[in-house]
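J.: give the three-dimensional model of this entry:
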Amino acid sequence: MFLFLLILAALLPAVLDLRRYSRLARRGCRPSALHTGLWLVFDLLPFVMPLLYLFLDNTPPAVRTSMWLLWCWLFVQGPRFLYRLLRRLRRPRLGIALAAAVAATMLWGALAGRRNLRTERIECCSEQLPAAFDGFRIALFSDLHLGALVDTEGEVGRLVERINALHPDLVCFTGDLVNIRYTELDATAERLLRGIEAPLFSVLGNHDVGTYIGDKRALPPAESCRRLVERQQAMGWHLLQDTTVYLRRGDDSIALSGLSFDPALRKRRHDKRLPPAETAKCYRDVPPQLFDITLVHLPQYWDQVRAAGYGDLTLSGHTHAMQCRLRFGDGRGWSPARFLYKRWGGRYDADGSTLYINDGVGYVGYPMRLGARPEVTLITLRRCE
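T.: Down below sits the predicted model:
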C-alpha cells in the first residue's frame, strides 16, 4: 500500500501536466519550450532519481544528491498541486497563500528543522528499580545516518555537546549509525563521537547491516557490518548483539539488554507484526525480577519483549516519525508514521512497562524535518514505592 501511494504521488503531477498540455495544444496555446522543459524535469524527477543508485552504488554523494532532488520535487510539486486544487474550487487567492505557506514551511524544514536539536525529558517510575538507581539518568539518541548528513561536523558536534551537557550516567544508541556502509563512520565522525563522555551502549539498525549496499561484490554486507562493529568498539562503544550486560551501583544491579536487527527483515522492517526475535538468546539467565532496560531498533518488537517478561523500559528508534510531526500542546501529536506503525513516536505505557521511541537525529529520503525535530531524550529512572 505504501509503495502504491508513492507511485501514485509521483504519477499524479505528470498526468495532470499532460492533460493541461493537451488542452492548451488544442486551443493553439502551446507553452514555451522553457515552460515545457521545466514541466518535464519535475514530472520525470522521481523516476530518474533511482538511477543514481544504480550507477553510483549508493555512495554518500549519490544519496545526498538524490535526497535534495526529492526535496526539490516536493518543494515544487506540493505547493503547485495545492494551488491547482484550490483554483479548481475557485479559490485562487487562497491557493496562492496556502501554496506559499507550504513552500516556506518546507524551506524552513530543510534549512533549520533538520538541525534544530531538541531535548525531550521523561521520568520512568518502577517498583522493580533498585534504590541505588533512583535518579539514574540515561541519554538516548538514534538514527544518526552519517552518510546522509549534510554537515557532519556541525550536526554531530552539536549532538555530542548536547549529550555531554545533560551529564547522563549512561548513553544509549538504538541503531542506524550509518546510512549505507561502514566507511561513513569516517575519521571526522569518529573523532566527534569519541567525545561522548558517559559510557555508551548501542545496537544495530537496519541501515547498519549493509543490506542497502549497491555493489555487494565489492563490499559484502556482512563485511561492512563486521567493520562497522569494529569501528564502534574502537570508539569505546559497547555493542549489544542479542545479549545482556549488568549495570551495578553498590550492591544493586539492573540489566541492560540489546536486540540486534536481523538482515532477513530488510523487506519487513515496517511491518506491524514481525517474526520472533532472539529473545531467548538475549535474556538467557537474566533473572526476571531484575529491572531490565532493552535496546531494540524496531519498536514493533516491544510486544515480544514484554511477552518474554523483560523490558521494564524499552528504548527504540527507526520511525523518525517520518520526519514530519504536528504537535498539539504536550501530546504526541500527529504524524503520517501512524499509518505504518502501531507505535510511532514518544512514550507508550502498558502493564507497568514503558516504551520510548526516539525521533532520531539524521534523516533519510529527503533532508528535511517538519515538527519531528532531531532529538536527544533524557530519561530519569525513579523508584516507585
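
J.: CA only for contacts and neighbour counts going forward, please
T.: OK.

J.: and the strands in this protein?
T.: 118-126, 137-141, 170-173, 200-202, 238-239, 243-249, 252-259, 292-296, 313-316, 346-350, 353-357, 375-383 (DSSP state E).

J.: relative to the second one, what are the paired strands and their orientations?
T.: Strand 137-141 has these partner strands in its sheet, going by DSSP bridges: strand 170-173 (parallel), strand 375-383 (antiparallel).

J.: most neighbours per residue, which of the ones you listed?
T.: Greatest average neighbour count among these goes to strand 170-173 (a mean of 23), per mean count of other C-alpha atoms under 10 Å.

J.: starting at the chain centroid, how far to that strand?
T.: 17 Å (C-alpha atoms, centre = their mean, to the nearest Å).

J.: so which of the strands paired with strand 137-141 gets nearest residue 298?
T.: Ranking the strands paired with strand 137-141 by proximity to residue 298 (C-alpha to C-alpha) places strand 170-173 first, at 12.6 Å.

J.: quick one: the strands paired with strand 137-141 as a markdown table, columns for distance to residue 225 and mean pLDDT too.
T.: Formatted as a markdown table, these follow (distance: least, C-alpha to C-alpha, whole Å; pLDDT from 0 to 100):
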| stretch | distance to residue 225 | mean pLDDT |
| --- | --- | --- |
| strand 170-173 | 16 | 98 |
| strand 375-383 | 25 | 97 |
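
J.: a markdown table for those, including distance to residue 233?
T.: Shown next, in a markdown table, are those (distance: least, C-alpha to C-alpha, whole Å):
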| stretch | distance to residue 233 |
| --- | --- |
| strand 170-173 | 13 |
| strand 375-383 | 22 |
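
J.: so which of those strands gets nearest residue 12?
T.: strand 375-383 (34.0 Å).

J.: what's the angle between the closest one and strand 346-350?
T.: Interaxial angle of strand 375-383 relative to strand 346-350 (axes from the mean of the first three to the mean of the last three C-alpha atoms, to 10 degrees): 30 degrees.

J.: most residues in a single helix of this protein, which one?
T.: As assigned by DSSP state H, the longest helix anywhere in the chain is helix 60-88.

J.: list the buried residues of that one.
T.: Within helix 60-88, the residues scored as buried using 16 or more other C-alpha atoms under 10 Å are 60, 62-75, 77-84, 86.

J.: now do the helices in this protein.
T.: Going by DSSP H, the chain shows helices at 2-26, 33-56, 60-88, 92-108, 152-165, 187-193, 221-234, 279-282, 302-307.

J.: on that earlier part again, which helices and strands does the longest helix of the chain pack with?
T.: helix 33-56, helix 92-108 (3 or more C-alpha pairs under 8 Å, 6 or more residues apart in numbering; DSSP states H and E).

J.: redo that, cut-off 10 Å
T.: helix 2-26, helix 33-56, helix 92-108 (3 or more C-alpha pairs under 10 Å, 6 or more residues apart in numbering; DSSP states H and E).

J.: ranking those by burial, who's on top?
T.: helix 92-108 (a mean of 16).

J.: elements contacting that helix?
T.: Using 3+ C-alpha pairs under 10 Å, 6+ apart, helix 92-108 sits against helix 60-88.

J.: next, the angle helix 92-108 makes with the helix it packs on.
T.: Angle of helix 60-88 versus helix 92-108, following the same axes, to 10 degrees, is 160 degrees.

J.: hang on, the earlier thing: could the strands of the chain be laid out in JSON lines, adding distance to residue 110?
T.: Listed next are those as JSON lines, based on distance: least, C-alpha to C-alpha, whole Å:
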{"stretch": "strand 118-126", "distance to residue 110": "16"}
{"stretch": "strand 137-141", "distance to residue 110": "21"}
{"stretch": "strand 170-173", "distance to residue 110": "24"}
{"stretch": "strand 200-202", "distance to residue 110": "28"}
{"stretch": "strand 238-239", "distance to residue 110": "32"}
{"stretch": "strand 243-249", "distance to residue 110": "38"}
{"stretch": "strand 252-259", "distance to residue 110": "33"}
{"stretch": "strand 292-296", "distance to residue 110": "29"}
{"stretch": "strand 313-316", "distance to residue 110": "25"}
{"stretch": "strand 346-350", "distance to residue 110": "23"}
{"stretch": "strand 353-357", "distance to residue 110": "23"}
{"stretch": "strand 375-383", "distance to residue 110": "16"}
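
J.: right, and the helices of the chain - which one's nearest residue 291?
T.: Per C-alpha to C-alpha, nearest to residue 291 of the helices of the chain: helix 302-307, 12.4 Å.

J.: CA atoms only: put that closest one into PDB for me.
T.: The C-alpha coordinates for helix 302-307 follow below in PDB (Å, rounded to 0.1, in the frame of the first residue of the first chain):
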ATOM      1  CA  TRP A 302       8.000  -4.200  22.200                       C
ATOM      2  CA  ASP A 303       5.200  -6.800  22.500                       C
ATOM      3  CA  GLN A 304       7.600  -9.700  22.100                       C
ATOM      4  CA  VAL A 305      10.000  -8.100  24.700                       C
ATOM      5  CA  ARG A 306       7.100  -7.800  27.200                       C
ATOM      6  CA  ALA A 307       5.800 -11.300  26.400                       C
END
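
J.: how distant is that helix from the center of its chain?
T.: 21 Å.

J.: residue 113: which of the strands paired with strand 137-141 is closest?
T.: Nearest to residue 113, of these and by C-alpha to C-alpha, is strand 375-383 at 11.3 Å.

J.: what angle do helix 152-165 and the closest one make with each other?
T.: Here the directions of strand 375-383 and helix 152-165 differ by 20 degrees (the same axes, to 10 degrees).

J.: re earlier: wait, which of the strands of the chain is closest to residue 161?
T.: strand 375-383 (11.1 Å).

J.: got the end-to-end distance for stretch 370-385?
T.: Using C-alpha to C-alpha, to the nearest Å, the span of stretch 370-385 from its first residue to its last is 40 Å.

J.: nearest residue to the residue positioned nearest the centre of the chain other than its sequence neighbours?
T.: Geometric centre of the chain, nearest residue: residue 320, 3.4 Å, by C-alpha atoms, centre = their mean. In this structure, residue 320 finds its nearest non-sequential neighbour in residue 359, 4.4 Å apart by C-alpha to C-alpha, 6 or more residues apart in numbering.

J.: nothing else from me, thank you.
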